[in-house]
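Student: Fold the following and give me the result.
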Amino acid sequence: MTHFGSTVRAIRERLRRDDRRYSVRQVAARVGIEPAYLSKIERGEVAPPSEATTVRIARELGEDPDIMLALAGKVSADLQAIIRRRPRLFADLIRQLKEAPDEAVLRVVREVRDGEW
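Tutor: A predicted model of the protein is given here:
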C-alpha cells in the first residue's frame, strides 16, 4: 500500500464511521472516478492519481490538497510554475530550510507574507 493510498483509506474510513456517505462508492461518485479505481488507489495497486483527482479527493475528505499532493509525490502546477521562474533561488531556499525547525520556516513564511524584509 502506498502512503498516499493508505492515508486516503484511513481518512475515508474514519469519516465513514460517523457518516455512511463516505463509502468507497459514494466518495468515488462525488470525486468523479470509478469505485474500483478508488479502491485500487487505497490499496496501493495503482499509482496516485493526477493532480486534479488528488485535489478532488483531498477536498472531499476535508484535507489540505498540498499535503495530499505531497503524499502522492506531486507538487501542484501553480507551485511548479513559481519554482520554474527562479529555479536556482527556490532550490537553494528549500535546501537551506531542509533541516530548519518548523518555527524557523514559519518565521520565514510570515516575513515574506507580511512583506517584512
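
Student: What pLDDT is listed against the closest residue to V24 other than its chain neighbours?
Tutor: If the residues on either side of it in the chain are set aside, V24 comes closest to P35, at 5.0 Å by Cβ to Cβ, 6 or more residues apart in numbering. (Each C-beta comes from the backbone N, C-alpha and C, glycine too.) Looking at P35, its pLDDT is 98.

Student: pretty sure P35 is touching R25, no?
Tutor: Yes: look at P35 against R25 with Cβ atoms under 8 Å: they come within range, at 4.6 Å.

Student: what distance separates the helix or strand of the chain with the lowest mean pLDDT from the centre of its chain?
Tutor: Across the helices and strands of the chain, mean pLDDT, DSSP states H and E gives its lowest value to helix 102-114, namely a mean of 93. Taking Cα atoms, centre = their mean, to the nearest Å, one finds the center of helix 102-114 at 21 Å from the center of the full chain.

Student: helices or strands up against it?
Tutor: On a contact count with 3 or more Cβ pairs under 8 Å, 6 or more residues apart in numbering; DSSP states H and E, helix 102-114 meets helix 87-97.

Student: Now find how far off-centre the helix it packs on is within its chain.
Tutor: Here helix 87-97 is found 21 Å from its chain centre; the criterion is Cα atoms, centre = their mean.

Student: Please list the outside residues in contact with that helix.
Tutor: The contact list for helix 87-97 (Cβ atoms under 8 Å, 6 or more residues apart in numbering) reads I82, I83, A104, V105, V108.
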